[in-house]
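Need coordinates for the following:
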Amino acid sequence: MHILSLKDENVQQLRAHHPALQSKKLVGRGVFGAVFEAADPSRVLKLTTDFKHINYLIDGRAPKGPYKPVVFEYFGPVGETSNGETLYLIEIERLHRLRRGTHNGRMAQRITRFFRKNDVFPERSKYLPDLTAEMAEFMYDLNCFFIRFSCAGDPGWSNFMERPDGTLVFSDPICDDRLLAQAQWKHHQQRMQ
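Below you'll find the model as predicted:
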């Protein structure tokens with residue numbers, strides 16, 4: 001299920017006419033958005049319907065530090081889907097997928113397991129022995145962000161990435177649960193017809 005459909009006529013028009021997106025190759029997909037190559041190979045363009053994710057990336061009250069993607073440019077709202085969902089475009093650093101069996105891969109799995117049991121990110125090293133004070137503080141700030149912005153945590157495997165220097169990055173740890181619930185309901189109704 002994709003909330004952002006690349007077959008949507010409005011999305012196709014945007015990709016054909018927005019200067020930043022014209023002729024750009026798709027490099028990744030998610031429920032709420034799509035990631036495209038950028039003019040600079042060390043960056044990517046993310047087109048999303050999830051404004052809570054945009055808040056995570058650019059709002060001054062969002063967690064700060066090396067564990068989130070670097071933002072180079074926020075283009076703002078750039079259009080709407082045929083269903084009336086606003087489309088946002090942002091340019092961020094290009095990150096790399098986690099590899100299973102690595103330190104970062106194991107850490108992401110342990111964080112995800114903890115979150116699924118407790119509905120919060122771990123903030124103390126007693127839950128994860130190799131958790132640094134800096135990462136614990138980041139996750140504390142992330143838990144506060146959920147409350148402030150009324151969003152849901154989404155720490156699945158694909159929502160963690162890493163930099164070439166080995167830094168674990170929480171690339172997309174939140175989602176707009178209202179938008180997701182609406183999409184799931186529509187999807188359920190369509191399957192029942």
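
Skipping adjacent residues, who's closest to the residue positioned nearest the centre of the chain in space?
Residue closest to the average C-alpha location in the chain (CA atoms, centre = their mean): Asp172, at 2.5 Å. Ranked by CB to CB, 6 or more residues apart in numbering and with sequence neighbours excluded, the top spatial neighbour of Asp172 is Asn159, at 4.3 Å. (C-beta placed from N, C-alpha, C; glycine too.)

And the next helix or strand past the longest strand seen in the chain?
Determined from DSSP state E, the single longest strand within the chain is strand 71-80. Downstream of strand 71-80, the first helix or strand assigned by DSSP states H and E is strand 86-93.

any idea of the mean pLDDT for the very next helix or strand once past that next one?
Next helix or strand after strand 86-93 toward the C-terminus (DSSP H and E): strand 96-97. The average pLDDT within strand 96-97 is 96.

can you list contacts of the helix or strand following strand 96-97?
For strand 96-97, the following helix or strand on the C-terminal side (DSSP H and E) is helix 103-118. Contacts of helix 103-118 with the rest of the structure, by CB atoms under 8 Å, 6 or more residues apart in numbering, involve 98-99, 121-122, 127-128, 130, 139, 153, 155-157, 160, 162, 166, 168.

mind listing what's buried in helix 103-118?
104-105, 107-108, 110-112, 114-115 (16 or more other CB atoms under 10 Å).

Closest to His2 out of those residues?
Minimum distance to His2 across the buried residues of helix 103-118 is 21.6 Å, recorded for Thr112 (CB to CB).

phi, psi of the closest residue to Asp119 other than its chain neighbours?
Spatial nearest neighbour of Asp119, chain neighbours left out: Gly153 (7.0 Å); criterion: CB to CB, 6+ apart. With angles defined as degrees, to the nearest 10, Gly153 sits at phi -80, psi 150.
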